[in-house]
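Engineer: quick one, fold the following:
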Amino acid sequence: MWGNNFVTSVLQSNGVFIPHKAKMYVKKDEADEDFRTKIQIAFEDIIEPLGVPDGVELMIVFDSWWFSSHFITDCHELDYHVTCQLKSDKLVVPDDGTALQVTDYVKKFNTDDYEITRIEVRGKKKRYLTVERIVKLDKIGDVKLIISKRRRDTDPRYYISTNINLTGAEILSIYEDRWNIETAHREANQKLGFKDYQLRSKKAIERFIQLVFSIWTGLLILELNNPDESRKPKTIGEMVDEIRAEGLVELVKNILEYFNLPIPDGGLLHLIREMGIKT
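Structural biologist: The predicted structure is shown next:
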């Protein structure tokens with residue numbers, strides 16, 4: 001009835017990626033309550049109520065679709081910085097005071113103005129050609145603008161951060177980490193039934209999704225409390241698969257013990273796989 005149209009947020013700190021909230025967006029002609037845009041939902045239901053411990057610096061990160069000067073200034077008034085991608089038609093004001101679209105501003109730079117910037121994100125090393133400048137954005141003020149290319153012959157992309165003290169490498173790393181939310185959606189859909197609800201009411205669907213997120217967080221806490229230093233961090237899918245396998249082993253063990261049957265050669269996990277059950 002409602003579809004899968006959500007405003008989703010996650011928290012990330014020191015490589016730990018934790019699901020936070022998912023609030024349903026209902027189109028204006030379908031809403032049975034006061035209509036709110038996705039940006040309003042993001043700020044009013046997710047960002048504004050977020051309790052941040054003293055001494056923790058929070059960076060709000062989103063892609064170019066969410067760009068709104070009002071949204072960014074609202075975040076800034078809460079003392080939160082913003083890093084996001086910038087659309088090519090947005091106006092920037094460099095030092096000379098002349099307002100230009102980003103695409104026209106880029107034409108001021110030649111090949112020699114681009115510097116090599118290297119980052120490591122999600123275990124991968126990446127190389128960019130970048131120009132970084134401090135410019136003004138209408139109704140926002142000074143921001144650090146990063147003009148970025150993967151190769152000299154490719155079209156540039158544009159990123160900004162309200163924290164002008166960050167380097168280009170830091171801004172690119174922060175934005176690249178945003179991709180984890182796409183991975184999170186895939187894992188939650190495939191392993192935790194994020195979109196498998198069979199409910200009609202908006203409130204019930206949102207409660208279901210928060211339950212999914214709570215289970216996800218519990219799995220992360222379990223993993224953090226029992227780290228395996230010998231291997232790379234697990235995805236949520238790998239965590240779910242391991243817990244499912246442990247549960248199946250325990251079930252088969254109980255059945256064998258109940259009927260006083262011996263454990264077969266190769267162990268219980270081998271038996272489960274021989275039965276055609278994927279683990």
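
Engineer: next, give phi and psi for S161.
Structural biologist: With angles defined as degrees, to the nearest 10, S161 sits at phi -140, psi 140.

Engineer: does it really touch I140, like I thought?
Structural biologist: No - S161 lies out of contact with I140 (CB atoms under 8 Å); the separation is 11.2 Å. From N, CA and C alone the C-beta is placed, and that goes for glycine too.

Engineer: more neighbours, the two?
Structural biologist: Neighbour totals were compared for S161 and I140, and S161 leads with 25 against 16 (other CB atoms under 10 Å).

Engineer: the more buried one: what's it in contact with?
Structural biologist: Counting by CB atoms under 8 Å, 6 or more residues apart in numbering, S161 makes contact with 81-83, 143-144, 146, 171, 174.

Engineer: chain neighbours aside, what residue packs nearest to I160?
Structural biologist: In space, and not counting its chain neighbours, I160 is closest to V143: 4.4 Å by CB to CB, 6 or more residues apart in numbering.

Engineer: give me phi/psi at the one you found?
Structural biologist: phi -140, psi 160.

Engineer: let me know the secondary structure of A22.
Structural biologist: The assignment at A22 comes out as strand when based on DSSP: H, G, I helix; E, B strand; the rest coil.

Engineer: dig out what it forms beta bridges with.
Structural biologist: For A22, the beta-bridge partners under DSSP bridges are T8.

Engineer: just checking, it touches F6?
Structural biologist: Yes - here A22 lies in contact with F6, judged by CB under 8 Å, at a distance of 4.6 Å.

Engineer: got any residues that touch both of these two?
Structural biologist: Shared contacts of A22 and F6, defined by CB under 8 Å, 6+ apart, are found at I209.
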